[in-house]
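**Q** Predicted model and sequence below, questions to follow.
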Amino acid sequence: MRVPPKRAPPAGARQRSVCATGSQASNTVRCPSTATGPIAGLLEQYRDQLPTLFIVSDLTLNLGDTAGADQVRVDVGKARGVKCERCWRYVPSVRTEPDWSGICDRCVEALAEPVNS
Ligand SMILES: [Zn+2]
């Protein structure tokens, strides 16, 4: 049994040289305005988790009516912003204070959490 690579970019993106890794991708998962279906509702339900699930830095989700047949369109482009030195996500900006230089707000929060509380 072949196991897919853990950090694979969205299908076809690497072959078209859009991005070298999944974290460089900035996906738009779009259901066109004529699209409908239960999958639109499912994507909406997990909207906040989709970038992590798809292993991308950014994801824009446009949903149509959820009452018809499933249709999904995915557009892949290069991530915008700067790369966080800790998590390698592309974010709008990274911190500049000496203790947090080069890392994103999410990583600052993660590093500030006590390990064993
Ligand atoms: Zn980070």
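**A** Great, that's in hand.
**Q** what packs against the helix or strand containing residue 77?
**A** For residue 77, the element it lies in under DSSP states H and E is strand 73-78. With contacts defined as 3 or more Cβ pairs under 8 Å, 6 or more residues apart in numbering; DSSP states H and E, strand 73-78 has these neighbours: strand 25-30. Using the backbone N, CA and C atoms, a C-beta is placed for each residue, glycine as well.
**Q** right, and the helix or strand after the strand it packs on?
**A** By DSSP H and E, the next helix or strand past strand 25-30 is helix 38-45.
**Q** Next to the ion, which bits of this structure? Give me the list.
**A** Within the chain, the positions adjacent to the ion are 84, 86-87, 104, 107 by Cβ under 5 Å from the ion.
**Q** List buried residues within those residues.
**A** The neighbour count (16 or more other Cβ atoms under 10 Å) marks 84, 86, 104, 107 as buried among these.
**Q** in the chain, which ranges drop under the pLDDT threshold?
**A** 1-36, 117 (pLDDT under 70).
**Q** where do the strands sit along it?
**A** Using DSSP state E, the strands of the chain run over 25-30, 58-62, 73-78, 82-83, 90-91.
**Q** Mind putting the ones you listed into TSV with mean neighbour count and distance to residue 113?
**A** Shown next, in TSV, are the strands of the chain (neighbours: other Cβ atoms under 10 Å; distance: least, Cβ to Cβ, whole Å):
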stretch	mean neighbour count	distance to residue 113
strand 25-30	21	27
strand 58-62	15	24
strand 73-78	14	31
strand 82-83	16	23
strand 90-91	20	19
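**Q** Redo these as JSON lines? Include distance to residue 44.
**A** What follows is those, written out as JSON lines (distance: least, Cβ to Cβ, whole Å):
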{"stretch": "strand 25-30", "distance to residue 44": "11"}
{"stretch": "strand 58-62", "distance to residue 44": "7"}
{"stretch": "strand 73-78", "distance to residue 44": "16"}
{"stretch": "strand 82-83", "distance to residue 44": "29"}
{"stretch": "strand 90-91", "distance to residue 44": "24"}
